[in-house]
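Student: Only the shape, not the letters, is given here:
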């Protein structure tokens, strides 16, 4: 307290300051209420203006920030929504939900690294997040080749919390994604196990059989690969990449005529598949049919 100020003067100043703060709080709340009413009427531009005024009056007021972010999300203005959540995090750094909301809108903008960082912050604050957030986190990590091990860990965290009774078709998709990550990690045997678990939960998903066939092909287990490619085709008759990969497996087994038939079927479905023309050309060339092989190679150019 300055030497020339009495205790009474200090109390008066504090009371005045508190009065100003209360007045600003009341004004900010009034703008917040006005914003809510305008939003209810569908007057979004005016609602945004009211929320912004509330924030200008009281910069540490998080409620209008959250409501402003939600309007921007409705407008798919993800960049402005992200700014709101970033500002909210600045005001409340330990706010797990703020990081999760930020991660979500960054995902919408395909800002993978920023979204991953936001999830990591949320997990650091609250490791026991609901499983869906670990799955979203894993999906992003799977897109980064240097984060495959972290993606595997995130997916396994979700699986740990999945009971036998709660398994659904959505669980099948999770198993398949974990298997995809394990393939990238070159853990092929474990990947096979999870693809098989996915198939056990959803037997009519052609993509699961195709992916399982690809893993067997990587291990040169050609009979198993062929069986799974054929199952994928049985489920989806116009599965051009399954025909192509089935042709590759048959070619490795030396069943060249059957391989060509599969390649031709792939071309019926997708006539501009240059890689398939090259594969047919290679077989024809090995059979000494140079003219026919040349015609195929010309399709690649």
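Tutor: All right, it came through fine. What you are looking at is a predicted structure, and each value in this text was computed from that prediction instead of being measured.

Student: need the contact list for residue 239.
Tutor: Residue 239 makes contacts with 206, 210, 232-233, 269, as judged by C-beta atoms under 8 Å, 6 or more residues apart in numbering. All C-beta spots, glycine's among them, are computed from the backbone N, C-alpha and C.

Student: JSON lines please, covering those and showing distance to residue 175.
Tutor: Below are the contacts of residue 239 laid out as JSON lines (distance: C-beta to C-beta, whole Å):
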{"residue": "206", "distance to residue 175": "16"}
{"residue": "210", "distance to residue 175": "15"}
{"residue": "232", "distance to residue 175": "17"}
{"residue": "233", "distance to residue 175": "22"}
{"residue": "269", "distance to residue 175": "28"}
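
Student: Nearest to residue 74 among those?
Tutor: Nearest to residue 74 among these: residue 206, at 36.6 Å, using C-beta to C-beta.

Student: next SSE after the least confident helix or strand in the chain by mean pLDDT?
Tutor: Using mean pLDDT, DSSP states H and E, the weakest-scoring helix or strand in the chain turns out to be helix 7-40, at a mean of 75. Next helix or strand after helix 7-40 toward the C-terminus (DSSP states H and E): helix 44-57.

Student: Narrow the contacts of residue 239 to those in helices?
Tutor: 206, 210, 232-233, 269 (DSSP state H).

Student: Looking at those residues, which one is closest to residue 245?
Tutor: Closest to residue 245, out of all of the ones in helices among the contacts of residue 239 and judged by C-beta to C-beta, is residue 210, at 7.4 Å.

Student: How much space separates residue 63 from residue 99?
Tutor: Counting by C-beta to C-beta, to the nearest Å, the separation of residue 63 from residue 99 is 18 Å.

Student: And the two? Which one has more around it.
Tutor: residue 99 (26 against 17; other C-beta atoms under 10 Å).

Student: so what does the strand or helix carrying residue 172 touch, helix or strand wise?
Tutor: Counting by DSSP H and E, the element that carries residue 172 is helix 169-184. Packing contacts for helix 169-184, counted by 3 or more C-beta pairs under 8 Å, 6 or more residues apart in numbering; DSSP states H and E, involve helix 131-141, helix 148-160, helix 188-201, helix 206-218.

Student: nearest to residue 29, of the ones you listed?
Tutor: helix 131-141 (32.1 Å).

Student: and residue 287, how many residues sit next to it?
Tutor: 13.

Student: For it, give me its contacts.
Tutor: residue 256.

Student: Pull up the gap between residue 243 and residue 109, please.
Tutor: For residue 243, the distance to residue 109 - C-beta to C-beta - is 37 Å.

Student: quick one: which of these two has more around it?
Tutor: residue 243 (27 against 13).

Student: ok, that one touching residue 261?
Tutor: No: counting by C-beta atoms under 8 Å, residue 243 stays clear of residue 261, with 9.1 Å between them.

Student: quick one: contacts of the helix holding residue 172?
Tutor: Residues from elsewhere that reach helix 169-184, judged by C-beta under 8 Å, 6+ apart: 135, 138-139, 142, 145, 148, 151-152, 155-156, 158-159, 162, 188, 190-195, 197-199, 201-202, 205, 207-208, 211, 214-215, 218.

Student: Just the buried ones from these?
Tutor: With burial judged by 16 or more other C-beta atoms under 10 Å, the buried subset of these is 135, 138-139, 142, 148, 151-152, 155, 158-159, 188, 191-192, 194-195, 197-199, 201-202, 205, 207-208, 211, 214-215.

Student: before we move on, back to that, ranking the ones in helices among the contacts of residue 239 by neighbours, who comes first?
Tutor: residue 232 (24 neighbours).
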